[in-house]
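[1] mind folding the following:
(2 chains)
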Amino acid sequence: MLFIITVLQYLIPLLYFATAWRYGREFFNNDLRSGKLKSSYLGVSLLLHFVFFILRTAELQHIPVTSSLELLGVIGFTLAGAYIFTEIISHVKNTGFFVLAISSVLVTISSLFAPNHYGMNDVLQSELLAFHIVSALLGYSAFALSAIYGLLYIILYNKLRSKTFDNIYRNLPNLESLESLTFKSTLVGFVALTFVIVVGFIWLPQAFPDISYGDAKVLGTFFIWMLYAIGLAAKKFLGFQGKKIALLSIFGFVITFLSMALSNVISGFHKFY
Amino acid sequence: MTIDELLLQMHDLILIGLNHKTASVELREKLYFRQEEIQAILAELGKLYFKEVVLLSTCNRTELVGIPANEPVNDEPLINYLIEKKSAHDSISRNHFYVQRSGNAVHHLFEVASGIDSLLIGEDQIIGQVRDAYELAVQNGTVGQLLHHLFHSAFHTSKRAKTETKINDGAVSVSYAAVELAEKIFDDLSKKRAMLIGAGETAELSAKNLAEQGINDIIIANRTIEKAEKLALEFKGKAIPLEMISEKLHEVDIVISSISVSEYVLNLAQVKKSMALRSSKPLLIVDIGVPRNIDPNVKNIDNVFLEDMDSLEIISKQNRQRRLSEIPKVQKIISEELHAFQHWYQSLEVTPTIKLLRDKFEAVRTMEIEKYQHRFSGKEIEHIDAVTKAIINKLLHTPTVNMKEHTNGLANIDKATLSTIVHHLFSLDKKET
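    Numbering: from 1, shown residues only, chains lettered A, B, ... in the order given. The predicted structure is shown next:
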């Protein structure tokens, strides 16, 4: 089985890049063939990646969340999954390149550098933790997606204002759709992060009786939650629209990324191997 | 077989016409046939010259496609007939017409249907006009098997060109480019409100384009309120005097201004105030007035998109160039469809029909022998095989000879009639099971 896992480990990043390439070919070169094939490529990539997770979990006796490098692969997967879900419900089908390019990089780093440790830390033997992890992955993928759509909004906004009616202008969906996708992704991310925090607070004392609530990871997560709560309140009560929403989603994700990176270095837990 | 070789083989077809490449709009107008006129002359054309005929007449072309009753057909009387019918001898001559025969005529019709022969490359109005012309001819009983298949192949070519290439993408007229801009900002135009400043020709065209996209809520502002009311009545909109523009601005999402004024009808302060009232929701302002109607500084307000004639020109020009670059892809589709049409045309010959008929009988014979072969010895089967073969050959001898001899010298379309009957009678298109 290790042989199959190893083959998939190197094949999957290639598939992700091939998928991003197909989406890119359609977006930048108006390649109709790529337009027809792109969704199939993504479907196959996601399916094989899922199979890879199952086989790897069976072989190594732990789910791939024991280290940041393993998590990068899962985030790449959930980001691509969240994208295909968005593509299906919104019928906006040509922004995949921007999402899948990021997924490809994350999956590649994970495939190349994630260590193959056997066994699972006892701390991970909890249903609450599984719920916590799933919510966290969903939440951060949704925030990433919202930042990508926010960025695309700003790109199109500037192209319209500068009268640059090029290929990118032509192939991007309209501003209202991008704003709606940005907002909905943020909302999904915020709800998921709320679950992460609530479940985390219930699970944390059970797993680490002497944990400090002043830990960088706990504070960082709470800070991110507050940031998005303020953004959503600004939309609701101050009527923030269009460009402001897009900028807030990008700003929120940059802060989230920096905060997570920093707290992962400083934090005393969230290392389970 | 090359396309040129294929083209030479379709002897039965002729296409005569003039279009925007060969005649000016004044001349095209003179040779334009209204629907009632087409109905009247189709029957006459059928009696005088054609077995099958379709007449297409639009503002950009008048074309006659048909299967002549007698071969070889001279195009001169046909051209004179069209000119005489419109009494246009004084201005239109033989030189304004083109004549395409056989495969070239098919190729031309496919180009017309796919929009690459149009004045505005890729426009899709033409396929509706081709369809109307065909249906009118069907109603008048001047379409037979060949033109029926030819026009359906043309419709199929058009559909493929539209779905497999980008020949139809993007606005190519300046007036429609404003709608394309609106579609790049708003998701569902039918839920948006628009304001037209001015009630002239440009405003009317803009109202028409917006209405086509489902915008039913249109405010028309004009100095002469009567003109605004007239346009508002036509598009079920609301008329307001010019002075009320700023008051109503926050209620609309799209503004198209095409009025002739010496001062700006909307200044920075007015737009700022209106944006505050509409919670900074995006606002598209298209200023196509000369001199400019809107203060250019409004473009600096967040979520305001101020576009002008230059933007519209750029968009339409780029789209036109993009469509031109798609022509080779459409030509490839036309070439494929031409091959398919040729293949069908060849199947009209009686020889393939005879072969199909023999294959069908042979399939039935083989199937029956296989079904019962376990009841007989190897020797007996050999005898049965030989006897049944002889029976089939004798049964098919007379029809084969008759089909070959009786169709000698006939036009393909007449051979086709016989072939079609045999095809239907023996279900030659279905496999034996």
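
[2] which ones are touching B:E76?
    B:R94 (C-beta atoms under 8 Å, 6 or more residues apart in numbering or on different chains). From N, CA and C alone the C-beta is placed, and that goes for glycine too.

[3] mind checking how far A:G150 is from chain B?
    According to C-beta to the nearest C-beta, to the nearest Å, A:G150 stands 15 Å off from chain B.

[4] brain fart, A:L106
    For A:L106, the distance to chain B equals 30 Å [C-beta to the nearest C-beta].

[5] identify the residues contacting that residue.
    Contacts of A:L106 (C-beta under 8 Å, 6+ apart): A:72-73, A:75-76, A:79.

[6] up against chain A, what does the stretch 201-350 of chain B have?
    By the rule C-beta under 8 Å from any C-beta of the partner chain, the part of the stretch 201-350 of chain B lying against chain A is B:279-282, B:299, B:302-303, B:305, B:307, B:310-311, B:314-315, B:318.

[7] so which of those are in strands?
    If you go by DSSP state E, those have B:305, B:307 in strands.

[8] can you give me the buried ones in the longest helix along chain A?
    Longest helix in chain A, counting residues (DSSP state H): helix A:127-161. By 16 or more other C-beta atoms under 10 Å in any protein chain shown, the buried positions in helix A:127-161 come out as A:129, A:131-157, A:159-161.

[9] over to stretch B:356-368?
    Those would be B:356-357, B:360-361, B:365, for stretch B:356-368 by 16+ other C-beta under 10 Å.

[10] what is the mean pLDDT for that stretch?
    The pLDDT scores in stretch B:356-368 average 88.

[11] bridging residues for the residue lying closest to B:Y32 once chain neighbours are set aside?
    Distances taken as C-beta to C-beta, 6 or more residues apart in numbering or on different chains place B:S57 nearest to B:Y32, at 5.5 Å, with adjacent residues excluded. Applying DSSP bridges to B:S57 gives these bridge partners: B:T62.

[12] and the gap between the spatially most central residue of chain A and B:F186?
    Chain A has A:S141 as the residue nearest its centroid, 2.4 Å off, counting by C-alpha atoms, centre = their mean. Separation of A:S141 from B:F186 (C-beta to C-beta, to the nearest Å): 28 Å.

[13] and B:V422, by the same measure?
    The separation that B:V422 has from B:F186, given C-beta to C-beta, amounts to 59 Å.

[14] give me the more crowded residue out of the two.
    B:F186 (22 against 16; other C-beta atoms under 10 Å in any protein chain shown).

[15] for the more buried one, phi and psi?
    phi -100, psi 150 (degrees, to the nearest 10).

[16] which residues touch it?
    So B:F186 contacts A:174-176, B:192, B:253-254, B:282, B:284 (C-beta under 8 Å, 6+ apart).

[17] got it, and B:H149?
    B:341, B:344.

[18] list the buried ones in the helix or strand hosting it?
    Per DSSP states H and E: B:H149 is located in helix B:145-164. When burial is assessed from 16+ other C-beta under 10 Å, helix B:145-164 yields the following buried residues: B:146-147, B:149-151, B:153-154, B:156-158, B:160-162.

[19] could you dump these into JSON lines with distance to B:I215 and pLDDT added?
    Output for these, formatted as JSON lines (distance: C-beta to C-beta, whole Å; pLDDT from 0 to 100):
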{"residue": "B:L146", "distance to B:I215": "45", "pLDDT": "85"}
{"residue": "B:L147", "distance to B:I215": "41", "pLDDT": "91"}
{"residue": "B:H149", "distance to B:I215": "42", "pLDDT": "91"}
{"residue": "B:L150", "distance to B:I215": "40", "pLDDT": "94"}
{"residue": "B:F151", "distance to B:I215": "35", "pLDDT": "95"}
{"residue": "B:S153", "distance to B:I215": "38", "pLDDT": "96"}
{"residue": "B:A154", "distance to B:I215": "34", "pLDDT": "96"}
{"residue": "B:H156", "distance to B:I215": "34", "pLDDT": "96"}
{"residue": "B:T157", "distance to B:I215": "33", "pLDDT": "96"}
{"residue": "B:S158", "distance to B:I215": "28", "pLDDT": "96"}
{"residue": "B:R160", "distance to B:I215": "32", "pLDDT": "95"}
{"residue": "B:A161", "distance to B:I215": "29", "pLDDT": "94"}
{"residue": "B:K162", "distance to B:I215": "25", "pLDDT": "92"}
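
[20] picking that back up, so which of the contacts of B:F186 comes closest to A:N29?
    A:N174 (21.4 Å; C-beta to C-beta).

[21] kindly state the pLDDT recorded for B:Q373?
    84.

[22] same check, this time on B:F33
    pLDDT, read off for B:F33, is 93.

[23] wasn't it part of a strand?
    No. Counting by DSSP: H, G, I helix; E, B strand; the rest coil, B:F33 is not part of a strand but coil.

[24] leaving out the residues flanking it, which one is nearest to it?
    B:S57 (4.1 Å).

[25] cool, B:I240 as well?
    That would be B:A221: by C-beta to C-beta, 6+ apart, it lies 5.0 Å from B:I240.

[26] residues near the one you found, how many?
    The burial count for B:A221: 27, using other C-beta under 10 Å.

[27] for B:V286, pull up the helix or strand it's in.
    Per DSSP H and E: B:V286 is located in strand B:283-287.

[28] that strand - contacts with which helices or strands?
    Contact here means 3 or more C-beta pairs under 8 Å, 6 or more residues apart in numbering or on different chains; DSSP states H and E; on that basis strand B:283-287 packs against helix B:174-185, strand B:254-257, helix B:268-277, strand B:304-308, helix B:309-346.

[29] looking at these, which is buried most?
    strand B:254-257 (a mean of 27; mean count of other C-beta atoms under 10 Å in any protein chain shown).

[30] work out the sheet partners of that strand and label each with its direction, please.
    Strand B:254-257 is paired, per DSSP bridges, with strand B:193-197 (parallel), strand B:283-287 (parallel).

[31] now the following helix or strand past the first one against strand B:283-287, angle please.
    Using DSSP H and E, the helix or strand that directly follows strand B:193-197 along the chain is helix B:201-212. Interaxial angle, helix B:201-212 versus strand B:283-287 (axes from the mean of the first three to the mean of the last three C-alpha atoms, to 10 degrees): 150 degrees.

[32] mind checking the SS state of B:G289?
    Assignment for B:G289 (three-state DSSP): coil.

[33] so how far is chain A from it?
    Counting by C-beta to the nearest C-beta - B:G289 and chain A are separated by 18 Å.

[34] that residue contacts B:S262, correct?
    No. Using C-beta atoms under 8 Å, B:G289 makes no contact with B:S262, being 10.9 Å away.

[35] more crowded one of these two?
    Each of B:G289 and B:S262 has its neighbours counted (other C-beta under 10 Å); B:G289 has more, 22 against 5.

[36] who's in contact with the more buried one?
    B:197-198, B:257-261.

[37] any of those residues buried? List them.
    Buried members of the contacts of B:G289, scored by 16+ other C-beta under 10 Å, are B:197-198, B:257-259, B:261.

[38] for B:I41, what are its contacts?
    B:I41 touches B:33, B:55, B:85, counting by C-beta under 8 Å, 6+ apart.

[39] for chain A, state which of the buried ones among the contacts of B:G289 is nearest.
    Nearest to chain A, judged by C-beta to the nearest C-beta, of these is B:S257 at 17.3 Å.

[40] give me the number of residues near the residue of the stretch 1-150 of chain B found nearest chain A?
    As assessed by C-beta to the nearest C-beta, chain A sits closest to B:G122 within the stretch 1-150 of chain B, at 14.2 Å. By other C-beta under 10 Å, the residues close to B:G122 number 26.
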